[in-house]
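**Student:** only geometry, no sequence info:
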């Protein structure tokens, strides 16, 4: 049984698909509009929830607003196997992400709304749930201060933390000593560390720093060798949420005692499946779908 707590953003994604990007002052027609639940925290929670078994305990911590989006966002989490007992409702708008999909890639403008009000000073029983977890997953769509407080608390209690520093910010380095796994993409690596030599950087953080490379896969240093985990070629429909799927699947695999290299292969397969359908959460696979894919390995032995 895995006990995973995901702490982060819960938002509504307003998605516009277009065959042409508007220039300054220009209006263009979109091809399709959709409103779908999202937010990096909620996305990662749904990714875990869909892959988890009935015996696992998956819990979301965060906040939604007092608007029409709030109940929809909470219901969506529950329907995907995620407990929302510790999600608060605050007198603000829920978080919103405006997403434009163009040429099979996405551009995102994010307004935090209720996500910006997450405050650990007001927590009580939440800390008990975190202390009992096998793994806590964090991202950067809530303020830095609660993230740092959570990471420090977990470090003191011996709870492992998977930290996905997206979007990157200047304070991210303060988190490194308190987390077990750090999963930036190439761009975030550059912003956080300010150096171009990825191999040298990976060697500074063996088995901790995992850099995701998009269609190239992911890479980490195992203490002896740079390990490259290739991505699986996909028929891409929508890349939104692919990274969140990767992180959620990685987190679950690690709590199932998979070695890091195998956990990354499992996460790569989940991410591969996610981009072949529309929406951040729309393509996130369930374990049954993973097992049907030729790249699924029986030695992972997940039930």
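**Tutor:** It's in. This one's a predicted model, so the numbers in the text were calculated from it and none came from an experiment.
**Student:** is it true that residue 127 touches residue 152?
**Tutor:** No - when contacts are counted by Cβ atoms under 8 Å, residue 127 is not listed as touching residue 152 (11.9 Å). For every residue, glycine as well, the C-beta is placed using N, CA and C.
**Student:** what sits up against the helix or strand residue 153 falls within?
**Tutor:** Residue 153 belongs to helix 144-157 when assigned by DSSP states H and E. Helix 144-157 is contacted by residues 7, 118-120, 127, 130-131, 136, 138, 140, 159-161, 163, 169, 171, 174-175, 177-179 when judged by Cβ atoms under 8 Å, 6 or more residues apart in numbering.
**Student:** hmm, 10 Å instead?
**Tutor:** With contacts defined as Cβ atoms under 10 Å, 6 or more residues apart in numbering, helix 144-157 is touched by 5, 7-8, 61, 117-123, 126-127, 130-133, 135-136, 138-142, 159-161, 163, 165, 169-172, 174-180.
**Student:** Please, a ChimeraX command that selects the buried ones among those?
**Tutor:** For the buried members of these, the matching ChimeraX selection, counting by 16 or more other Cβ atoms under 10 Å, is:
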select :5,7,8,61,117,118,120,123,126,130,133,135,136,138,139,140,141,142,159,160,161,163,165,172,175,176,178,179,180
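**Student:** Just the ones in helices from the contacts of helix 144-157, please.
**Tutor:** Under the assignment DSSP state H, those contribute 126-127, 130-131 to helices.
**Student:** and residue 246, what does it touch?
**Tutor:** Shown in contact with residue 246 (Cβ under 10 Å, 6+ apart): 44, 47, 164, 183, 185, 210, 212, 218, 231, 264, 266-272, 274.
**Student:** Could you do residue 294 as well?
**Tutor:** By Cβ under 10 Å, 6+ apart, the residues touching residue 294 are 232, 269.
**Student:** In three-state terms, how would it be classified?
**Tutor:** Following DSSP: H, G, I helix; E, B strand; the rest coil, the label given to residue 294 is coil.
**Student:** If we ignore the residues flanking it in sequence, what's nearest residue 191?
**Tutor:** residue 168 (3.9 Å; Cβ to Cβ, 6 or more residues apart in numbering).
**Student:** who's in contact with the one you found?
**Tutor:** Taking Cβ under 10 Å, 6+ apart, we find residue 168 in contact with 140, 184-185, 187-193.
**Student:** can you rerun that using 6 Å?
**Tutor:** Neighbouring residues of residue 168 by Cβ atoms under 6 Å, 6 or more residues apart in numbering: 188, 191-192.
**Student:** Which residue ranges of the stretch 1-150 of the chain form strands?
**Tutor:** Listed in chain order, the strands of the stretch 1-150 of the chain (DSSP state E, counting those that start in this stretch) span 3-7, 11-17, 32-38, 57-65, 83-90, 95-102, 105-111, 135-138.
**Student:** these two touch, right, residue 30 and residue 19?
**Tutor:** No - assessed by Cβ atoms under 6 Å, residue 30 is found out of contact with residue 19, at 8.8 Å.
**Student:** neighbour count winner among those two?
**Tutor:** Using other Cβ atoms under 10 Å, the more surrounded residue of residue 30 and residue 19 is residue 30, with 15 against 11.
**Student:** And the pLDDT for that one?
**Tutor:** Residue 30 carries a pLDDT score of 96 in this model.
**Student:** Could you measure from it over to residue 282?
**Tutor:** Distance, residue 30 to residue 282, by Cβ to Cβ, to the nearest Å: 18 Å.
**Student:** Pull up the pairing partners for the helix or strand of the chain with the lowest mean pLDDT, direction included.
**Tutor:** Of all helical and strand segments in the chain, the minimum by mean pLDDT, DSSP states H and E falls on strand 105-111, at a mean of 84. Partners of strand 105-111 in the sheet, by DSSP bridges, are strand 95-102 (antiparallel).
**Student:** For the partner strand, buried residues please.
**Tutor:** The neighbour-count check on strand 95-102 (16+ other Cβ under 10 Å) flags 95-97, 99-101 as buried.
**Student:** Out of the residues you listed, flag the one nearest to residue 111.
**Tutor:** residue 96 (4.9 Å; Cβ to Cβ).
**Student:** ok, what's across the strand from the closest one?
**Tutor:** With DSSP bridges as the rule, residue 96 is bridged to residue 12, residue 111.
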